[in-house]
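Trainee: everything below, folded, please.
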Amino acid sequence: MSSPTVHRTRSDNPALAAWLRAEAAWQRAVAPRPSGLPNLVVLVGFPVVALLIVVVLVALGISGNSSGVYWQSFGNGGADPDLLAGHPQGIRSDEWLVQSSWIISQIREGFPVVNQSFPGGMDATIQNDLPTWDWSTVFRPHVVGFLFLPLDQGMAVRWWLPVLAALVAAYVFAVTVMPRRPATAAFLAIALCLSPMIQWWFLPTTIWPVAWAFAGLTAVLWAFRSTRRWPAVVAAAVTGYLTVTMVMSIYVPYMVPAAVVLVALAVGFLVERLRTPGTTWWRTLRSLVPLALAAVGAVAVIGIWAVTRLDTIKAVLGTVYPGQRLELTGATSVDALGALFSAPFQRSLQYGAVGGLSVNQSEAAAPIMIVVFLVPALLWVLWAGLRRRRAVDWPVLATVVVLGVLFAFLLVPHWDALARLLLLDRSTDARLRLAFDLLGVVAVTLVAARLDAGVGARATAAVTTDADVDPEVATGRTVLRPGSRVPWGTAGYGPVLVLVTAGFVYIGLRIGGSNVLGASHAWRIVVVLLALGVLLVARRFVAPGALLLLVAAVVVGGGVNPLYRGVFDLSTQTTAGKAVSRIVDRQPDARWVGIGGYVPTAMLLETGAHSYNGVQTYPPEEMWHEIDPSGKSEEIWNRLANVNWVDGEGAPELSLPVRDQIRVSFDGCSRFAQQNVQYVLSDQPVTDDCVSEVREVTQGQESLWIYRVDKR
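Mentor: The predicted model follows:
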C-alpha cells in the first residue's frame with residue numbers, strides 16, 4: 001500500500017513554510033461568517049476600490065462617450081485634445097447623437113418635465129432617459145449629476161454609475177456564492193462588464209438590468225443565509241430600488257434576458273433551500289418577507305409613475321414601430337447562430353469589420369459564451385451530487401435548464417404561446433444574448449463553490465509541521481484541503497466546445513469571404529485563453545482560469561469605447577452653434593428645420609432651438625398635425641424614429657429609408673414652411689426662392705448655412 005505524501009518541515013524547506021504561512025493568513029482574511037456569507041472586508045474591499053476610481057474619473061470629467069465624433073467635422077485637422085485613449089465609435093449614435101443631444105437640450109431648457117424642442121413638446125420623464133426636476137429622477141441616480149454638476153462631470157456620472165452598479169452587484173453575488181474567492185469574483189465582474197454585449201450597447205438603459213439581476217439573486221441568497229435581518233433588508237431594498245430604475249428605462253429587450261436569469265436561478269435557490277434538512281415552508285417564506293415588501297413597494301412606485309404618464313405610455317405602445325413588437329420562436333438563422341458564438345472574433349468590430357455577423361457592430365456584438373463551455377463541468381457537478389448525496393443541485397440544474405430554454409427559443413419553432421408566457425418574445429435575437437453573459441458568471445461561481453465544497457470527492461490532505469497554520473484550516477499535523485476537481489476526461493470537453501464553436505464560426509466566415517477574419521488578428525489568442533480558462537475552472541484552478549477569461553474579455557471588449565475628457569458641445573464649441581444660439585436667445589419661440597445630415601439635427605437640439613428635427617420616442621401630435629394635417633402618412637411618422645429633413649419641392653413628403661428613420665422634404669415656399677418655420681440650418685446650400693441666407697459658417701471640414709424663411 002502506498003504511503004501518503006509528506007511535505008518537508010519548515011526547517012528543511014523555508015520556502016514551503018513561508019508559502020503555508022501566507023496561505024494561512026489569506027484563509028484567515030477571507031474566512032466567511034458563520035452563516036457562510038462573506039466577511040465585511042471581502043464584501044466591500046473591491047467595491048470600495050472601484051468606487052474610488054469612479055470618483056476620480058468623475059472629478060476629471062472623463063467618460064467613454066463618443067461625442068468626439070464631431071471633432072472629425074469641426075476639428076482643426078490635428079488630434080482631438082480631449083481624446084485620451086481609443087477612438088469615438090460612430091455606430092454608437094444612440095449615445096453621442098441621440099441621448100447626449102437631448103441631455104444638452106434639457107440643460108438649455110432648465111430640466112423641464114416636458115421638453116419643448118419639438119412643437120407640442122415631449123415627455124422628458126420617459127424619452128431617452130433624461131434629467132428633469134421631477135420626483136421620478138430620484139429613481140434615476142445616473143442623471144442626478146446633471147442637476148448639480150457641470151456638463152462634463154454630469155456626463156461622467158451618467159456613464160460610470162450604472163456600470164459601477166453592475167460591477168459591484170456581480171461581484172457581491174459571486175462572493176456570496178464563493179465567499180473565499182474575492183479575486184475570482186472581481187475577475188468575473190470585470191470580464192462581464194467588458195463583454196461586447198455590454199460595451200457595444202453601453203447605455204444606462206442596457207446596464208441597469210445587469211445590476212438588477214445580480215442584486216436580486218444576492219437578495220434571495222442573503223434572505224436564506226443571513227442570521228441577522230438587516231443584511232437581507234438592505235439587499236431587498238436595493239433590489240426594489242433597482243427594479244424601479246430599470247423599468248423607468250422602458251427598454252424591455254434588455255430587461256427580459258435579465259429577468260429570465262433572475263427568476264430561473266431564484267427558483268433554483270428556493271428549491272435548494274426547501275430541500276435543506278430542518279427547513280420549513282413557513283421559515284422560508286418568512287425570510288422572503290423583506291424581498292416581497294420591496295417588490296410591492298417597487299410595483300407601487302412604478303404604478304404611480306405609469307398612471308401619471310398614462311397618455312405618454314399609450315402613445316409609445318400605440319406606435320407602429322416598435323409598438324408591441326413580438327419575436328417568433330426558432331427564428332435564428334445559421335448565420336445568426338454563428339454570430340452568437342463569435343466572441344473570439346469580436347476584436348474585428350473595433351475596426352468596423354462585421355461581414356457575415358450582422359449589419360453593424362452593435363447588432364453583431366456577441367456574449368462570451370462561458371456558460372456553454374462549462375456545461376460539461378455543470379453536468380458533472382449534477383451527476384456527482386446525485387451519486388454521492390442522492391440530491392439534485394437545484395441552482396446548477398436551473399442554470400442548465402434556462403440555458404436550454406434560451407437555445408430552444410432561438411432555434412426551435414412553433415412554441416410561441418409558451419414563449420409569450422415566459423416573455424421571451426419581448427426581446428430580440430441580438431438583445432437576448434445578454435442572458436448568456438449573466439449565466440457565464442453564474443456558471444463559474446456555482447462550479448467553483450461546488451468543487452470547493454468537495455462534491456464528488458473526499459477531502460485531500462497534506463502533512464506538515466508548520467505550527468503557524470490557521471487552526472480553522474489545520475488539525476494537528478494535517479492541513480485539510482477540501483475540494484474536488486472535474487475529471488480530466490470531462491473537463492476536456494470544455495476546451496473542445498471552445499474549439500468546435502470557433503471552428504464553426506471560422507468556416508462560416510471563410511466561406512462567406514468575410515472581412516472579419518482579416519481584421520480580427522487576435523482570435524486565435526482569444527480561443528486559447530477561453531479554452532485554458534474553462535479547463536482551469538473545471539480543474540479547480542478557479543482564480544487563474546477566471547483571470548484568463550478576463551484577459552479574453554479585455555481583448556475583445558476592452559477597446560470598444562474611448563476615454564474622453566468632457567463632452568463635445570456643439571452649442572459652445574462650434575462657430576455655427578454659437579450663431580444659432582444667439583438667434584435662439586433673441587427669438588426663443590422661432591421654429592427651425594435642419595436639412596442634411598446628423599450635424600444640423602444635433603446642433604438644433606443642443607442650442608435649445610425649437611425645431612422639427614430629432615429622435616422622437618413617440619409622435620408629438622401638434623408637430624405632425626402641422627406637417628401632415630390630413631394624417632395620410634401616419635404609418636410613416638407614428639414610430640420611434642429620427643426625424644430628418646431634405647431639400648425638396650411643395651408640401652412635405654415623407655419617406656422611410658429604414659424603419660427608425662423618417663425623411664421629410666422641405667420647401668420654404670410650402671404652406672407648412674410659410675405658416676410654421678422661421679429659420680433653416682443646413683449642411684448644404686438651399687436654393688428655395690422663399691429663403692434668404694443669414695450666414696455661412698465653415699469650421700474644419702464642415703460648412704453650415706443659416707437661412708431665414710421669407711414670408712410671402
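Trainee: C-alpha from now on. contacts and neighbour counts both.
Mentor: Noted.
Trainee: would you mind measuring from A79 to L509?
Mentor: 35 Å (CA to CA, to the nearest Å).
Trainee: same check on Y241?
Mentor: From Y241 over to L509 the distance is 44 Å, taken as CA to CA.
Trainee: ok, now G110?
Mentor: 51 Å.
Trainee: part of a strand, is S665?
Mentor: Yes: the assignment for S665 is a strand, going by DSSP: H, G, I helix; E, B strand; the rest coil.
Trainee: domain parsing for this structure?
Mentor: According to automatic domain parsing, the chain comprises the domains 14-56+155-561, 571-709.
Trainee: mean pLDDT for these: which is lowest?
Mentor: Looking at those, the lowest mean pLDDT belongs to domain 14-56+155-561 (a mean of 90).
Trainee: which SS state does A213 fall under?
Mentor: Following three-state DSSP, the label given to A213 is helix.
Trainee: quick check: it touching V261?
Mentor: Yes: here A213 lies in contact with V261, judged by CA atoms under 8 Å, at a distance of 7.3 Å.
Trainee: more crowded one of those two?
Mentor: Ranked by neighbour count (other CA atoms under 10 Å), A213 and V261 place A213 first, with 28 against 24.
Trainee: residue contacts, that one?
Mentor: A258, A259, V261, L262 (CA atoms under 8 Å, 6 or more residues apart in numbering).
Trainee: can you check which helix is longest in the protein?
Mentor: Ranked by residue count and defined by DSSP state H, the top helix of the chain is helix 151-177.
Trainee: ok, the closest residue to L654 other than its chain neighbours - contacts?
Mentor: If the residues on either side of it in the chain are set aside, L654 comes closest to V664, at 4.6 Å by CA to CA, 6 or more residues apart in numbering. Residues near V664 by CA under 8 Å, 6+ apart: V643, N644, W645, V646, P652, E653, L654, S655.
Trainee: again, 6 Å this time
Mentor: W645, P652, E653, L654 (CA atoms under 6 Å, 6 or more residues apart in numbering).
Trainee: when you check those against the strands, which ones overlap?
Mentor: W645, L654 (DSSP state E).
Trainee: same list, the contacts of V664, but as JSON lines with distance to W592 and neighbour count please.
Mentor: Formatted as JSON lines, these follow (distance: CA to CA, whole Å; neighbours: other CA atoms under 10 Å):
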{"residue": "W645", "distance to W592": "11", "neighbour count": "23"}
{"residue": "P652", "distance to W592": "15", "neighbour count": "21"}
{"residue": "E653", "distance to W592": "17", "neighbour count": "17"}
{"residue": "L654", "distance to W592": "18", "neighbour count": "21"}
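Trainee: please name the nearest non-neighbouring residue to A398.
Mentor: Using CA to CA, 6+ apart, the closest residue to A398 is G268 (5.4 Å).
Trainee: so G594, which of the three states?
Mentor: Here G594 is strand, with the state taken from three-state DSSP.
Trainee: in this structure it contacts M603, no?
Mentor: No: look at G594 against M603 with CA atoms under 6 Å: they stay out of range, at 8.8 Å.
Trainee: thinking again about what came up before, please identify which of G110 and L509 sits among more neighbours.
Mentor: For the pair G110 and L509, the greater number of neighbours falls to L509 (21 against 14), based on other CA under 10 Å.
Trainee: so how far is D416 from that one?
Mentor: Remark: distance between L509 and D416 (CA to CA) = 31 Å.
Trainee: what of L563?
Mentor: Separation of L563 from D416 (CA to CA) stands at 43 Å.
Trainee: any idea which element R28 lies in?
Mentor: helix 14-30 (DSSP states H and E).
Trainee: list the buried ones in that helix?
Mentor: Neighbour-count burial for helix 14-30, counted by 16 or more other CA atoms under 10 Å, picks out L16, A17, L20, R21, A24, Q27, R28, V30.
Trainee: perfect, that will be all.
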